[in-house]
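Enquirer: model the structure of this input:
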Amino acid sequence: MDEQLKVVIGSGGSRHNQGWLHTEERELNLLQDEQWANRFKKSSIKAILTEHVWEHLTYEEGVQAARICYPYLASGGYIRCAVPDGYFPDEAYQKIVQVGGPGPLDHPAASHRIVHTYNTLRGMFTAGGFEVKLLEYCDESGQFHYNHWDESGGFIYRSKRFDHRNTEGRLGFVSLIVDAVKR
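Expert: Numbers count the residues shown, from 1 in each chain. Model prediction:
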């Protein structure tokens, strides 16, 4: 495989990230090492992008998924991961992203298994062997932090710069976004 291979997990038909390999859970499950082994060579992937996917795993499953992805990443490769932010100080947002979701079983949030904070997400990827760079996150006091990131390295719609709900300097919807880099 090409060293510059870039993979989107759970793309949901997104038109963003052109030139990336777009996958869905049924064809590339984060918890199925044999699917990864059948599809990729070790150290063949430059970047993995997951936007609002990892919250559908328990913490332990998240560590397992990170460990499964790790050997398939090239040295210096990374997982750009965006999840709902448990420290974002908006009651309506927290109701939508809560474990079990806000309503009917067919709602995508109904399968949320965890609401991450930067502490839990960083800890999960660190346990998987990664060095974690915080890109967008809220701290314990609800203060939003932003470290510039290049969208060509993995476009995240639900982010400060790109989500339509963030207008006129007001944050209406944020994600906790990290780059988990293979050491």
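Enquirer: phi and psi next, for residue 118.
Expert: With angles defined as degrees, to the nearest 10, residue 118 sits at phi -60, psi -30.
Enquirer: that one and residue 51: what is the separation?
Expert: From residue 118 over to residue 51 the distance is 17 Å, taken as Cβ to Cβ, to the nearest Å. Using the backbone N, CA and C atoms, a C-beta is placed for each residue, glycine as well.
Enquirer: give me the neighbour count for residue 150.
Expert: 7 (other Cβ atoms under 10 Å).
Enquirer: for the spatially most central residue of the chain, what are its contacts?
Expert: The centre of the chain sits closest to residue 81, judged by Cα atoms, centre = their mean, with a distance of 2.3 Å. Going by Cβ atoms under 8 Å, 6 or more residues apart in numbering, residue 81 touches 50, 53-54, 121, 125, 177-180.
Enquirer: who's more crowded, residue 118 and residue 51?
Expert: Between residue 118 and residue 51, residue 51 has the larger neighbour count (other Cβ under 10 Å), namely 25 against 21.
Enquirer: what is the most widely separated pair among the contacts of residue 81?
Expert: For the contacts of residue 81, the farthest-apart pair by Cβ to Cβ is 53 and 179; their separation is 15.1 Å.
Enquirer: out of the contacts of residue 81, who's nearest residue 20?
Expert: Looking across the contacts of residue 81 and measuring by Cβ to Cβ, the closest to residue 20 is residue 50, at 11.9 Å.
Enquirer: need the three-state assignment for the closest one.
Expert: strand (DSSP: H, G, I helix; E, B strand; the rest coil).
Enquirer: quick one on the thing from earlier: please flag which of the contacts of residue 81 sit within helices.
Expert: Among those, the residues falling in helices (DSSP state H) are 121, 125.
Enquirer: buried residues in stretch 92-103?
Expert: By neighbour count on 16 or more other Cβ atoms under 10 Å, the buried set for stretch 92-103 is 93-94, 96-97, 101.
Enquirer: I misspoke; the intended subject was stretch 43-61.
Expert: 44-57, 59, 61.
Enquirer: how far off centre is it?
Expert: Relative to its parent chain, stretch 43-61 has a centroid offset of 6 Å by Cα atoms, centre = their mean, to the nearest Å.
Enquirer: you'd agree residue 89 is up against residue 142?
Expert: Yes. Between residue 89 and residue 142 a contact is recorded at 3.4 Å, counting by Cβ atoms under 8 Å.
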